[in-house]
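Engineer: Provided below for reference: sequence and predicted model.
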Amino acid sequence: MKNLFYTLLLAGIIIGCASTSKKQDITNSSETISDTVRIANDSLEYEIIIIEPGFNQWLATQPPRGYYEQFWLENRNIFYVTEYNNRVINTIQYDPNLYLQQIDYQRGVDYGYEVNYLLYNWFEYFQQRNNQKLR
């Protein structure tokens with residue numbers, strides 16, 4: 001009887017530990033997925049993919065979609081993209097690990113509101129997270 005009790009106790013501990021680790025794996029994978037944002041139009045002509053840990057949580061604290069006009073977002077993005085791309089090219093003055101690759105964003109192209117909104121907010125997030133000023 002004593003051996004049966006110890007066997008059940010051991011089995012309970014093993015099952016309890018196994019179920020706890022599975023819950024942690026599910027939580028970690030959902031956090032990773034939630035930090036990847038991909039926006040594309042139907043023809044996939046333009047898209048933006050943001051893979052930044054914490055970006056979604058930060059975005060939830062910002063003004064909602066529709067707060068800014070698309071024209072305003074486009075103008076800010078042109079300014080930010082130009083400055084960011086200049087820093088990508090100038091690897092001596094700026095950290096090449098921070099400014100990885102150029103962003104292909106052109107004046108006069110209608111990327112849509114969602115792409116402009118996310119790009120603008122990514123630049124704001126990038127500046128705050130890395131203590132940079134693109135102004």
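Structural biologist: Arrived safely.
Engineer: give me the number of residues near residue 73?
Structural biologist: 20 (other CB atoms under 10 Å). Heads up, the C-betas are built off the backbone N, CA and C, glycines and all.
Engineer: Report the buried residues of the strand or helix carrying it.
Structural biologist: Using DSSP states H and E, residue 73 sits in helix 70-89. Using 16 or more other CB atoms under 10 Å as the test for burial, helix 70-89 gives 70, 73, 74, 76, 77, 80, 81, 84, 85, 87.
Engineer: Test my guess that the last one contacts residue 97.
Structural biologist: Same thing as residue 87. No: with contact defined as CB atoms under 8 Å, residue 87 does not count as touching residue 97 (11.9 Å).
Engineer: what about the strands in the protein?
Structural biologist: Listed in chain order, the strands of the chain (DSSP state E) span 36-40, 47-51.
Engineer: averaged over its residues, what pLDDT does the first one have?
Structural biologist: What it means is strand 36-40. Mean pLDDT, strand 36-40: 58.
Engineer: what's near enough to touch residue 124?
Structural biologist: residue 62 (CB atoms under 8 Å, 6 or more residues apart in numbering).
Engineer: One more: residue 65?
Structural biologist: Contacts of residue 65 by CB under 8 Å, 6+ apart are 113, 114, 117.
Engineer: same check, this time on residue 76
Structural biologist: 120, 123.
Engineer: What separation do you get for it and residue 63?
Structural biologist: 13 Å (CB to CB, to the nearest Å).
Engineer: and the buried residues of helix 70-89, which two are the farthest apart?
Structural biologist: 70 and 87 (25.6 Å; CB to CB).
Engineer: what about the protein, any weak spots by pLDDT?
Structural biologist: 1-44 (pLDDT under 70).
Engineer: go again using 80 as the cut-off
Structural biologist: 1-48, 135 (pLDDT under 80).
Engineer: distance of residue 119 from residue 105?
Structural biologist: 7 Å.
Engineer: Alright, that wraps it up for me.
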